[in-house]
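Sequence first, predicted model second:
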Amino acid sequence: MTDSGSGNAVARVIPFPATARPVPTSRLVRDTKLAGIPVAYMGRRMAGRGRRMLGRPAAEVERDIQMRTAQHLFEVLGELRGCAAKVGQMAAVYRAVLPLDLAGADFAELAGDALSRLQDSVPPMLPALVHQVLAANLGPEWRARFREFDDRPAAAASLGQVHRAVWHDGRAVAVKVMYPGARAAVEADLRMLRGMSGIIGALMPGADVRAVVSMVCVIVGDELDYHREGAHQQIMADTFAGDPEFLVPNVVEHADEVLIGEWVDGTPLSAVIASGSPQERSRAGFAVLRFIESSRVRSGLHYSDVHPGNFLVLPDGRLGVVDFGACAAPPPNLERTVAELGEVLYNGTPDELESALRAHGFVRPGQAFDVDEFIRLTRPFLEILLHKDFRLTPEWVREQSRALLRIRLSNVFRQMTLPPELTAVARSATTTMGVLCQLGTHGPIRDEFLSWWPGLADTIRRYESNRRPNP
């Protein structure tokens, strides 16, 4: 197609009549929108009492209140994007593994359903805003760099949305465009997210809300750097080029607010979770676990953004992986730390375990610590590596989570802290567990995991050898 006024080749643009607005960056506006969620919820409950008095069935009224609140929550967090939507994405994964009935919030389950939509999309922005960002980053003649550009977003996430396009050389590409105002929104969120503890606490019962919010803010700050993300994605693409199990798309171009990579067609992992057979779900779960561990070993980068929206099952059975914003080199002593802690967890005494946790910075100097309670609560998770076959399900991990949430007297996990250098590792481990449980992963999880952690594998062999009966 050509521009009749200039004769220059331009992309065929597929229009999309969106109605979304720019990301609100004012602290007052963002605080007001967030504060409106619980206020509106209470208003709906008061109105619901009146409707019940007029004869409406209580179950019908309650369902309506929950549906409206969940939709409101989705809309607000989706509009704010930035840190707020990232919290929603992470809460959606936590929702799969935590018993929300203990949260004491009637709308928690419905809110979780709405938040799960943030794993794949949030309300899109106007095409005019997309064009504005493209022009600012690729130049005013940006259309000439594409044969075709679809104004309809293929996916919209917390910090940017993705459009399908055809590059000038004929390659199908994914064009990731940062939301205008996203950086300013994140700065505003750094100041106000700590005030969201009540809302987040309802969605993530038992979590250390302050630690979660701090972790999210660090992660989101990294995800605003598209040059960094592009470099990491290309490292991964080179690492897995020609791999029979995984596909990471090559980077075509990156700028401050635009990242262009090759397009990947496949079935979203969320669809596999929803309708895949048990075998298909387990196969996908093992593929996710294998990618997380093999990418760390083979590329020197740790993939931390583990949620269903970032994985696709390709028609040939490979796992496609996208979105490398939360990707970084693991701590240089990670394998030694895991090996040493694994040794005392499986083969050490309680005193040796407490000493190791303090030495590695998990318990502050002078802090009281109930090591016996810690051992009791972590034992079910250690069992995963003691069985040749194990089934990870939402039901299993909810059972363990209920035990954790019943802690009230010693509250052992609040006696602990997380070393800053392990923040991304902890995020990856927690969300990987969440995804594997959502998939109902079943099989030799132990063998797969230990094949990537030789020091821990030695620990398990010693544990089993010490418990074999003498001939």
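Nice, thanks for sending it over.

how does this protein divide into domains?
Domain ranges of the chain: 9-224, 334-466, per automatic domain parsing.

Confirm residue 155 sits in a helix?
No. Counting by DSSP: H, G, I helix; E, B strand; the rest coil, one finds residue 155 to be strand, located in no helix.

I'd like to know how far it sits from residue 246.
Separation of residue 155 from residue 246 (CB to CB, to the nearest Å): 20 Å. To be clear about C-beta, it is placed using only N, CA and C from the backbone, and glycine gets the same treatment.

same check, this time on residue 277
Residue 277 is 22 Å from residue 246, by CB to CB.

now do residue 351
For residue 351 relative to residue 246 (CB to CB), the value is 43 Å.

higher neighbour count, those two?
residue 246 (19 against 10; other CB atoms under 10 Å).

Lowest mean pLDDT across the domains of the chain, which one is that?
For the domains of the chain, mean pLDDT drops lowest on domain 9-224, to a mean of 65.

Does residue 273 touch residue 308 like I think?
Yes. With contact defined as CB atoms under 8 Å, residue 273 reaches residue 308; the gap is 6.2 Å.

shared neighbours of the two, which are they?
residue 438 (CB atoms under 8 Å, 6 or more residues apart in numbering).

Which one's more surrounded, these two?
Under the criterion of other CB under 10 Å, the comparison of residue 273 against residue 308 puts residue 308 first, with 26 against 19.

my read: that one touches residue 274, true?
No. Residue 308 is not in contact with residue 274 according to CB under 8 Å; the separation is 9.6 Å.

Next, count neighbours for residue 55.
Neighbours of residue 55 using other CB under 10 Å come to 6.

Residue 271 versus that one, what's the distance?
Residue 55 is 41 Å from residue 271, by CB to CB.

just residue 348 next, same as before
For residue 348, the distance to residue 271 - CB to CB - is 44 Å.

ditto for residue 303
Using CB to CB, residue 303 is found at 21 Å from residue 271.

Residue 50 too?
Distance from residue 50 to residue 271, by CB to CB: 41 Å.

Which one's more surrounded, those two?
Remark: of residue 50 and residue 271, residue 271 carries more neighbours, 14 against 10, as counted by other CB under 10 Å.

Helix or strand: which one has that one?
If you go by DSSP states H and E, residue 271 is part of helix 269-275.

Counting neighbours, which bits of that helix end up buried?
Neighbour-count burial for helix 269-275, with 16 or more other CB atoms under 10 Å as criterion, is recorded at 269, 270, 272, 273.

May I ask which two of the residues you listed are separated the most?
The distance between the two most remote of those (CB to CB) is 7.3 Å, for 270 and 272.

pretty sure residue 173 belongs to a helix, no?
No. The assignment for residue 173 (three-state DSSP) gives strand, which keeps it out of a helix.

ok, the nearest residue to it once chain neighbours are set aside to residue 235 distance?
Nearest-residue entry for residue 173: residue 167, 4.8 Å, with adjacent residues in sequence omitted and distances by CB to CB, 6 or more residues apart in numbering. From residue 167 over to residue 235 the distance is 21 Å, taken as CB to CB.

Apart from its neighbours in sequence, what residue is nearest residue 301?
The shortest distance from residue 301 to any non-neighbouring residue, by CB to CB, 6+ apart, is to residue 327 (5.2 Å).

again with residue 431
residue 306 (4.1 Å).

Am I right that the one you found is in a helix?
No. Secondary structure of residue 306 (three-state DSSP): coil, not part of a helix.

Run a quick check on it versus residue 291, I expect a contact.
No. Using CB under 8 Å, residue 306 is not in contact with residue 291; the gap is 9.3 Å.

Adding pLDDT as columns, could you present the buried residues of helix 269-275 in CSV?
Output for the buried residues of helix 269-275, formatted as CSV (pLDDT from 0 to 100):
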residue, pLDDT
269, 95
270, 92
272, 97
273, 95
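
Please name the bridge partners of residue 390.
Counting by DSSP bridges, residue 390 is bridged to residue 443.

Quick one: residues contacting it.
Here residue 390 is in contact with 383, 384, 442, 443, 445, 446 (criterion: CB under 8 Å, 6+ apart).

So which of the residues you listed wins on neighbours?
residue 445 (22 neighbours).

can you give me the strands for the stretch 301-450 of the chain?
Assigned strands in the stretch 301-450 of the chain, in chain order: 302-303, 311-313, 319-321, 327-328, 390-391, 442-443 (criterion: DSSP state E, counting those that start in this stretch).

Quick check: phi and psi at residue 135.
Main-chain dihedrals, residue 135, degrees, to the nearest 10: phi -70, psi -40.

again, but for residue 329
For residue 329, the backbone dihedrals (degrees, to the nearest 10) come out as phi -70, psi 130.

Show the contacting residues for it.
The contact partners of residue 329, taken as CB under 8 Å, 6+ apart, are 300, 301, 302.

If we use 7 Å, what do you get?
By CB atoms under 7 Å, 6 or more residues apart in numbering, the contact list for residue 329 reads 300, 301.

Residue 173 too?
By CB under 7 Å, 6+ apart, the contact list for residue 173 reads 165, 166, 167, 252, 260, 261, 262, 263.

okay, the strands of the stretch 301-450 of the chain in TSV with distance to residue 46 next?
Output for these, formatted as TSV (distance: least, CB to CB, whole Å):
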stretch	distance to residue 46
strand 302-303	46
strand 311-313	43
strand 319-321	47
strand 327-328	47
strand 390-391	45
strand 442-443	47
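
so where does residue 163 fall, helix or strand?
Here residue 163 is assigned to strand 160-167, by DSSP H and E.
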